[in-house]
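Colleague: this one's sequence-less:
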């Protein structure tokens, strides 16, 4: 009873009292959070704090915290190096190439949605999802096999039609195409799931009304289906932009060789190479930081643009 | 009362042809690899085998199964996947459940704490240095711990708990004197099998297929997961899978079987997931869908 009275008269104390009471009653819920909180601190926030080595000269014996500060030296060295523009250009082109193909899963979903035969539809979905479950190592292995200059299927076809065999994997001109389209092969079906779900939520009355007005199937797709799933499209587009500079570098790393490096050298593979293979931790961390700074800037920029023009945004 | 106009029928025809072309493009490489893995290498490289197996032989599989590195990699991958998935669930589920409870204080703050890791991370080098300083280099933990759980999974599982665990149920049990531990383990988890399946499957597929953590954190070959062994065979072409003492084979034959082995090893490593996923597909699809619900 006294407690209740205190609650009203002394707000500061009451707040403390409520927290204490909540904690006494629900402490186990806070215990539930502990493993995740420990994980995020140890493997996300400490590395974030460790980003400071980008502004330091890392010496293994001094550790992350003890190494001397050098300011923006590593960034300057990177921006002034001759490979900076090559890395930036390769990264941007590869990202832009993948972004241009962003509508492909939407087209597949629109097409699948029009299929009336449910057995065919189910089979088509299951088969197009399959490559998603294949590892990136195997996909690159398959690329190597199929594009082999002498025994590969593609080059045998080229020979059959009277062309000259192409060494796709060692030619800088082909790297981007092979990388991007093999990615389409792997992610097309899986990427369409989310749009299919959005399509199944389209109000059927809209279609009925349009039919009465004499709209054709194609017209209804363009004027009903696509506008209906636009919010989903915008949100996924922003999310894609947020990882613009990431380019799926684990696959780039597998496909890279000395001969195609002119186009396959991207920022992330360079970070791996200079940091982990050559041990220039501070320099590589600076480059990685530059990369994620661009990602965040793009995400924030496109999110605000989307919010202004379409009312659909992440936040 | 369906009205079939010519243009409707024409549309269906074109749409079906379009889908069939896409299906062929997606499925053909897979069928080719499967057929090539049991065909005579000569027939494969000459182009005689283009769809179905020709002159069936299981030599490739014999070689693959006779290889200790592949068996060891397989075993390691299974261990990493099972242990990693178990830890994933242990970290994810209690946290997501707690975040779904309305009596949790400072919920916004904790959510931001989790979400911020989606927006920004330390990057490759600082993460590597932290993993190294924790003494996890060259241990199984380096494969499992750096990617225990993502913010996205926590949001998805939390959305599931919010939608499918009735508040009254939890409150009534608490009034009856049940502890939160008891409620979570005895009541919430049994009601949440779909989300547990979804999360476990997503994480297991990632663990099964990832190679990069192993590449940077492991140096002891005995700990290599399957994907690193595959990388050597398929991409780097380092590994000699031919008979160590088998001099009976000419060099030409060895090159041929090397090709056969590549096809066989692709099938051996990918088949488990490719066979299982159609049966659990609806769980995967469900996972993508719950994840798409915007708050």
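Modeller: Sure thing, it's come through. Computed from a predicted model, the values in this text were never measured in an experiment.
Colleague: correct me if wrong: residue B:261 contacts residue B:232.
Modeller: No - using Cβ atoms under 8 Å, residue B:261 makes no contact with residue B:232, being 11.9 Å away. Where you see a C-beta, it was placed from the backbone N, CA and C, and this is true even at glycine.
Colleague: how many other residues sit next to residue 193?
Modeller: Defaulting to chain A. Per other Cβ atoms under 10 Å in any protein chain shown, the neighbour tally for residue A:193 reads 23.
Colleague: looking at chain B here, not the other one
Modeller: 9.
Colleague: please apply the same query to residue A:264.
Modeller: Neighbours around residue A:264, by other Cβ under 10 Å: 22.
Colleague: what's the nearest residue in the stretch 151-295 of chain B when you look at chain A?
Modeller: As assessed by Cβ to the nearest Cβ, chain A sits closest to residue B:234 within the stretch 151-295 of chain B, at 2.9 Å.
Colleague: so who does that residue touch?
Modeller: A:137-138, A:140-141, A:144-145, B:262, B:265-266 (Cβ atoms under 8 Å, 6 or more residues apart in numbering or on different chains).
Colleague: got the residues of the stretch 151-300 of chain A near chain B?
Modeller: Residues of the stretch 151-300 of chain A lying close to chain B (Cβ under 8 Å from any Cβ of the partner chain) are A:151, A:153, A:156, A:160, A:185, A:188-189, A:193-194, A:197-198, A:211, A:216-218, A:232, A:235, A:242, A:250, A:253-254, A:268, A:271-272, A:275-276, A:281, A:284-285, A:288-289, A:291-292, A:296, A:299.
Colleague: just the ones in strands from the residues you listed, please.
Modeller: Applying DSSP state E to those, no entry is found in strands.
Colleague: just the pLDDT at residue A:11, thanks.
Modeller: With respect to pLDDT, residue A:11 scores 56.
Colleague: ok, the closest residue to residue A:247 other than its chain neighbours to residue B:22 distance?
Modeller: Excluding the flanking residues, the one nearest residue A:247 by Cβ to Cβ, 6 or more residues apart in numbering or on different chains is residue A:94, at 5.0 Å. According to Cβ to Cβ, to the nearest Å, residue A:94 stands 24 Å off from residue B:22.
Colleague: ok, the two, which is more surrounded?
Modeller: residue A:94 (23 against 20).
Colleague: and that one, what element?
Modeller: helix A:83-100 (DSSP states H and E).
Colleague: near chain B, anything from the following helix or strand past that helix?
Modeller: Counting by DSSP H and E, the element after helix A:83-100 in chain order, helix or strand, is helix A:104-113. Yes - contact of helix A:104-113 with chain B (Cβ under 8 Å from any Cβ) involves A:108, A:111-112.
Colleague: domain assignment for the chain?
Modeller: No chain specified, so I'll use chain A. Here the domain assignment for chain A is A:2-66, A:76-310, based on automatic domain parsing.
Colleague: could you do chain B instead?
Modeller: According to automatic domain parsing, the domains of chain B span B:6-65+B:240-292, B:68-222.
Colleague: just the ones you listed: most buried one?
Modeller: The highest mean neighbour count among the domains of chain B, using mean count of other Cβ atoms under 10 Å in any protein chain shown, belongs to domain B:68-222: a mean of 18.
Colleague: helices and strands around the helix holding residue A:94, which ones?
Modeller: helix A:172-200, helix A:261-264, helix A:267-271 (3 or more Cβ pairs under 8 Å, 6 or more residues apart in numbering or on different chains; DSSP states H and E).
Colleague: list the contacts of it.
Modeller: Contacts of helix A:83-100 (Cβ under 8 Å, 6+ apart): A:78, A:176, A:179-180, A:183, A:240-241, A:244-245, A:247-248, A:252, A:262-268, A:270, A:291.
Colleague: for the record, mean pLDDT for that helix?
Modeller: So the average pLDDT for helix A:83-100 ends up being 92.
Colleague: where does the chain dip in pLDDT?
Modeller: The chain I'm using is chain A. Residues of chain A meeting the criterion pLDDT under 70: A:1-13.
Colleague: try chain B instead
Modeller: Short version for chain B, where the test is pLDDT under 70: B:1-6, B:238-252, B:291-295.
Colleague: how far away is the residue nearest to the spatial centre of it from residue B:65?
Modeller: Of all residues in chain B, the one closest to the mean position by Cα atoms, centre = their mean is residue B:205, 1.4 Å from it. The gap separating residue B:205 from residue B:65 is 24 Å, by Cβ to Cβ.
Colleague: and residue A:290, what does it touch?
Modeller: A:75, A:78, A:267.
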